[in-house]
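Visitor: quick one, structure for this:
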Amino acid sequence: FELLWVEHGDRLAPRLLAIVGRNPNFRAIALGRRAPYHSAWCRNEALRRSRGELIVYADGDVAVEDDFLRRVREEHRASDDLAMFLYRRDEPRHLHRAGFDLEHLRSVGRILNPLNYGACITVRRRWLVEINGWEQHPVFASEINAHGTDVHARFKNLGLAVKWHPGIPLYH
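Guide: Coordinates of the predicted model:
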C-alpha cells in the first residue's frame, strides 16, 4: 500500500514530515493553493500521483481498525464494479477525550451523519478516471462536501455497484 497526504496549502507540518520520513510508502504533497479550501483539488492530485489499482479516500482525521485495508480489499475482490462508501462513527462532543483512544471511540462512536459522502470512499482507480475525478468547480467547494454527492451520482450513472458498507468501521 501507499499513503498520500495532500495538503491544499503550501505548508506541511514538521510532525507530519517526520512521520513521512520514517515510512517509505508515505508521501506528503503541498499544492500551494490559497483559500477557499476545496478538497477536490487534493483528491484529484492524489489520484494523479497514486500508483495503486484500488483507491481509498478518507478524511484526514479518522481512525480505523487494524484490518481496515484487508477488509476493503476483500470487498473489492468480490466485486470488480464496486464503489463503496463507509459510515463515519463520530465521538459525541460531550464524550470527547483528548488524544487517540481506539477503545473509547469504539464504545462511544455513533453515526451522526448517515449521508457523509466524503468521510471514506473506496473505488478502483479506473472508475475514478472514467468519471473524470472530482468536480473542481467552486460551487462544489463547501463544507457540505457536495462533490461527494456528485461523485456518488456519477458512480451510479456509470452502472457501478454502489454500497454503503455497514460493517467496516471508521471513527472520528
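Visitor: contacts and neighbour counts: CA atoms only from here.
Guide: Will do.
Visitor: and the longest helix seen in the chain, how far out from the chain's middle?
Guide: Ranked by residue count under DSSP state H, the longest helix found in the chain is helix 146-158. Here the centre of helix 146-158 is set off from its chain's centre by 15 Å, with Cα atoms, centre = their mean, to the nearest Å.
Visitor: next SSE after it?
Guide: Moving toward the C-terminus from helix 146-158, the first helix or strand encountered (DSSP states H and E) is strand 161-171.
Visitor: could you give the mean pLDDT of that next one?
Guide: For strand 161-171, the per-residue pLDDT values average out at 94.
Visitor: ok and it relative to helix 146-158, angle-wise?
Guide: Here strand 161-171 runs at an angle of 150 degrees relative to helix 146-158 (axes from the mean of the first three to the mean of the last three Cα atoms, to 10 degrees).
Visitor: put the alpha carbons of strand 161-171 into PDB.
Guide: Presented in PDB, the C-alpha positions along strand 161-171 are these (Å, rounded to 0.1, in the frame of the first residue of the first chain):
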ATOM      1  CA  ALA A 161     -22.500  -1.300  -7.600                       C
ATOM      2  CA  VAL A 162     -22.600   1.500  -5.000                       C
ATOM      3  CA  LYS A 163     -22.600   0.200  -1.500                       C
ATOM      4  CA  TRP A 164     -22.700   1.900   1.900                       C
ATOM      5  CA  HIS A 165     -20.900  -0.800   4.000                       C
ATOM      6  CA  PRO A 166     -22.400  -1.300   7.400                       C
ATOM      7  CA  GLY A 167     -19.600  -3.300   9.000                       C
ATOM      8  CA  ILE A 168     -16.300  -1.600   8.300                       C
ATOM      9  CA  PRO A 169     -15.900   1.000  11.000                       C
ATOM     10  CA  LEU A 170     -14.400   4.400  10.600                       C
ATOM     11  CA  TYR A 171     -14.000   6.600  13.700                       C
END
